[in-house]
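Colleague: Next comes the sequence, and after it the predicted model I'd like to discuss.
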Amino acid sequence: MADTDLPQALVQRGLRKELMPRHVAFVMDGNRRWAEARGLTTAEGHEAGGRALKKILQLSVAWGIRAITVFAFSQENFRRPEEEVDCCMELIEQGIRDEMEEYTRNGIRLHVIGDPSTRPASLQDAVREAEEMTRNNSRFHMILATCYSGRWDIVQACRELAAKVQDKLLNPEDIDEAMLAGHLSTNVLGEFACPDLLIRTSGELRLSNFLLWQSAYTELYFSNRMWPDFDEDEYLEALKNFQRRERRFGQRKPSSQESN
Ligand SMILES: CC(C)=CCC/C(C)=C/CC/C(C)=C/COP(=O)(O)OP(=O)(O)O
């Protein structure tokens, strides 16, 4: 995207193309509280969350961001009432089925990360179909973290490495950070597997077992909006805030005494 092609909404906010994040992660929190405040059911809150996600995806594509990773269901969410778990699984499956063709038309590749063994069979079928249907797309990557947790991701990577050691394909001393990172599920994004910016809605100030390894140097932005209310304006505010940050990756600024 040339400078002159920067979408108007970004230009108006003074956003700079060269400072745009390539990969943004979202903890889409607050659906239930949003619903409760309006006398709606939790299911209606998650449906509203699904609509907000569709909009945020469209904006991300239009703004030249290359990837988003969204926390749609954590492994810990299985501890919720069965009715809510079923509702989320159905919503995610329906969302994938409804959006598949739109993704294909818009050059969006879908990746679903998380433990497939804990997903209902019909959701797993939808995931396989959608990943296959969009596999040649490269304009934008949509990573849906479903039945995912950051610790699980690190454990599954360790298991793969351990199996290679057991099969004598790998020496333990050859394992380094790059190799372990290469076995994490976000590795589908290659060089931009680690999010530049992670946005969490609903005012909670924690990662909740999301991209633990990958967020080592991610800039964090916490919004007080509930996820269904997270809109274009608030997304632009987060980007504006991100572009003011100085990313040092643990290094010292040449003329500064500040640490991290
Ligand atoms: C199509 C598709 C992928 C849809 C995804 C829908 C969606 C936004 C799912 C997120 C589910 C979830 C557990 C949200 C957190 O809100 P919460 O219920 O924890 O809210 P609370 O913090 O107010 O309890």
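Modeller: Structure received.
Colleague: switch to C-alpha atoms for all contacts and neighbour counts from now on
Modeller: Will do.
Colleague: Could I get the CA-only coordinates of stretch 68-76 as CSV?
Modeller: The C-alpha trace of stretch 68-76 is given here as CSV (Å, rounded to 0.1, in the frame of the first residue of the first chain):
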residue,chain,number,x,y,z
ILE,A,68,-5.4,-10.8,13.4
THR,A,69,-5.5,-13.5,16.0
VAL,A,70,-8.7,-13.5,18.0
PHE,A,71,-9.4,-15.4,21.3
ALA,A,72,-12.8,-16.9,20.5
PHE,A,73,-12.8,-19.7,23.1
SER,A,74,-10.3,-20.7,25.7
GLN,A,75,-9.7,-24.1,27.2
GLU,A,76,-10.8,-22.6,30.5
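Colleague: Mind checking the pLDDT average for that stretch?
Modeller: For stretch 68-76, the mean pLDDT works out to 96.
Colleague: ditto for stretch 247-258
Modeller: Confidence over stretch 247-258, taken as the mean pLDDT, stands at 68.
Colleague: How about stretch 143-151?
Modeller: Here stretch 143-151 scores 98 as its mean pLDDT.
Colleague: so the spatially most central residue of the chain, which of the three states?
Modeller: Closest residue to the average C-alpha location of the chain: Thr69 at 1.5 Å, with CA atoms, centre = their mean. When classified by DSSP: H, G, I helix; E, B strand; the rest coil, Thr69 comes out as strand.
Colleague: List the contacts of the lowest-mean-pLDDT helix or strand in the chain.
Modeller: Counting by mean pLDDT, DSSP states H and E, the chain has its least confident helix or strand at helix 8-12, which shows a mean of 92. Residues outside helix 8-12 that contact it (CA atoms under 8 Å, 6 or more residues apart in numbering): 16, 63, 236.
Colleague: pretty sure the residue nearest to the centre of the chain is touching Ala25, no?
Modeller: Yes: Thr69 lies in contact with Ala25 (CA atoms under 8 Å); the separation is 4.5 Å.
Colleague: Dump the least confident helix or strand of the chain to CSV, restricted to CA.
Modeller: Presented in CSV, the C-alpha positions along helix 8-12 are these (Å, rounded to 0.1, in the frame of the first residue of the first chain):
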residue,chain,number,x,y,z
GLN,A,8,-9.0,8.2,4.9
ALA,A,9,-10.0,7.1,8.4
LEU,A,10,-6.3,6.5,9.2
VAL,A,11,-5.1,9.7,7.6
GLN,A,12,-7.6,11.7,9.5
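Colleague: Report all helices and strands that whatever helix or strand comes next after that helix contacts.
Modeller: Using DSSP states H and E, the helix or strand that directly follows helix 8-12 along the chain is strand 23-27. Where contact means 3 or more CA pairs under 8 Å, 6 or more residues apart in numbering; DSSP states H and E, strand 23-27 is packed against strand 67-74, strand 197-200.
Colleague: can you redo these as TSV with distance to the ligand?
Modeller: Formatted as TSV, the helices and strands packed on strand 23-27 follow (distance: least, CA to the nearest ligand atom, whole Å):
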stretch	distance to the ligand
strand 67-74	4
strand 197-200	10
